[in-house]
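# With the sequence up front, the predicted model follows.
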Amino acid sequence: MPNYYEILGVPPDASQAEIKKSFRNLALQHHPDKNKNSEESKQKFMKIIEAYEVLSDEQARKNYDSNTLQKRGTRARWTPSADFGTVYSYEEIKRRYRPSNVGGGMWDISDKANFGIWKATILLFACLAALLIYIMLLS
């Protein structure tokens, strides 16, 4: 049986918030839509989903914890949920697990804010170019 805690990179006593945060980060990193043509990434993504589906459900987590203590070495059969494409699409993972009140630094910004930053940067360079041309014409 795989060690779901190791797959998600959380300790066995991790809270649901820690499990959710780890899942979001790993799922976004290894999602097949982001890593096109990478079979290894797809397999890793499936393992991450399997671990999250078991550890995010309290009853399934209790069963997993009790079974792993009793049966080391046997592999339980897991099948993905029926709405796999909807629930685990790249956009859905970004939307559902985006922390609403916690900032994660300069790279954790929305797509709209990112586009605004690019527009401001282009405008700044255009102004600098105009200023340079003006200075060259005066001299």
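Received, thanks.
# worst-scoring helix or strand of the protein, pLDDT-wise?
helix 84-87 (a mean of 62; mean pLDDT, DSSP states H and E).
# I'd like the average pLDDT over stretch 42-50.
Taken as a whole, stretch 42-50 has a mean pLDDT of 87.
# How about stretch 112-119?
78.
# Beyond the least confident helix or strand of the chain, next helix or strand please.
Using DSSP states H and E, the helix or strand that follows helix 84-87 towards the C-terminus is helix 90-96.
# Which elements pack onto that next one?
helix 16-30 (3 or more CB pairs under 8 Å, 6 or more residues apart in numbering; DSSP states H and E). For the C-beta atoms, the positions are set from N, CA and C on the backbone; glycine is no exception.
# Just give me how far the following helix or strand past the helix it packs on sits from the chain centre.
Downstream of helix 16-30, the next assigned helix or strand under DSSP H and E is helix 39-56. Taking CA atoms, centre = their mean, to the nearest Å, the mean C-alpha location of helix 39-56 is offset from the chain mean by 12 Å.
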